[in-house]
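Trainee: sequence plus predicted model, see below.
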Amino acid sequence: MRRRGDDGLAVRIFSLHGKLSAVPRLLGALRYGAGLSGLLRLARRLHLVSLADARRTGQPRRDARLRQPGGGGAAAWRVSETLGEVETLGRTSHAWFMESMFQYKEDNVSKLPYDHHELCAMVAPRALLVLGNPDYVWLADESGYVSCRAARKVWETFGIADRMGFSIVGGHGHCQLPESQYPEVEAFVDKFLLGKKDANTEVTIAPLYEKVDYERWLFH
C-alpha cells in the first residue's frame, strides 16, 4: 500500500491483493465489529422484511423509514472537514461519541486513528447498502460518497462488489425512503434476505457527485 501522508483514506485490506486465503485472519481481527454488525443486521432484517412483505401484499408503505447517515454515519471525518458548513467531527453531537474522540476535531482530524469508511468496510463480506440525501447539506453526503467509494474497494478486492452499494439521491424528506429508492432496497432484500440470486445489486447511484474526484483520497 502506497502511503501519501495522514490526510487520505487508507483501506488497509489492499495489502491482501485479493487473496481469499486471508479472509479468515481478517474476520478474526474483526470479531468485535462483526458482533455489532450482527445486532445491526438483525434490526435491519426485521425492518427490511417488513418492506418486502408490504411489496408483496400491496399495502401502502407509509412506514418505509430507513436511516440516512450524517457526519457520524458513513461520511469520513477527514473529508467532511474540507466541505464547509456540514457536520464535522467538531460539530457533531457529544451525545453520540466518547469525549476522547473530540481531541481529533478540526486541524487534528488527520490524526484520527480510524475513519468511517473503515467501519463500513468491516461489514464485508456481508452485504451493505448505504442511503443518502444530498438535499440536507449538513449530512455531508459528498463525504459519505467518498467514504462509500473507499469502502467498496474492499468488496471489489474479494470479487463481491455486488454486496456493497450506495444510493444518494434527493427530492425527499430526511430519513424517508422515496419511491425512487425502492428498487435498490428491494434488490438487496431480494438477494440477501430472500435468497433471490438474480436480483441486481450493482448499485452505485450518486448523480450529484459523479464528478467528485474520490480517487484523490485513496491510497493504492
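Mentor: Looks like it arrived, so ask away. Note that the coordinates shown come from a computational prediction; the quantities given were computed from them, not determined experimentally.
Trainee: could you list the low-pLDDT ranges of this protein?
Mentor: 1-68, 70, 219-220 (pLDDT under 70).
Trainee: show me where it has its strands.
Mentor: For the chain, applying DSSP state E gives strands covering 128-132, 164-168, 204-205.
Trainee: remind me what the shortest one packs against, helices and strands.
Mentor: Read that as strand 204-205. strand 164-168 (3 or more C-beta pairs under 8 Å, 6 or more residues apart in numbering; DSSP states H and E). Backbone N, C-alpha and C define where each C-beta goes, glycine included.
Trainee: on that earlier part again, can I get the strands of the chain in JSON lines with distance to Leu139?
Mentor: What follows is the strands of the chain, written out as JSON lines (distance: least, C-beta to C-beta, whole Å):
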{"stretch": "strand 128-132", "distance to Leu139": "7"}
{"stretch": "strand 164-168", "distance to Leu139": "10"}
{"stretch": "strand 204-205", "distance to Leu139": "16"}
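Trainee: Glu184 is nearest to which of the ones you listed?
Mentor: strand 164-168 (4.5 Å; C-beta to C-beta).
Trainee: residues making contact with that closest one?
Mentor: 74, 120, 123-124, 127-134, 141, 144-145, 148, 151-152, 154-155, 181, 184, 188, 201-206, 208-209 (C-beta atoms under 8 Å, 6 or more residues apart in numbering).
Trainee: ok so, going back, could you dump the strands of the chain to a markdown table with distance to Phe97 and mean neighbour count?
Mentor: Shown next, in a markdown table, are those (distance: least, C-beta to C-beta, whole Å; neighbours: other C-beta atoms under 10 Å):
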| stretch | distance to Phe97 | mean neighbour count |
| --- | --- | --- |
| strand 128-132 | 20 | 25 |
| strand 164-168 | 23 | 24 |
| strand 204-205 | 29 | 16 |
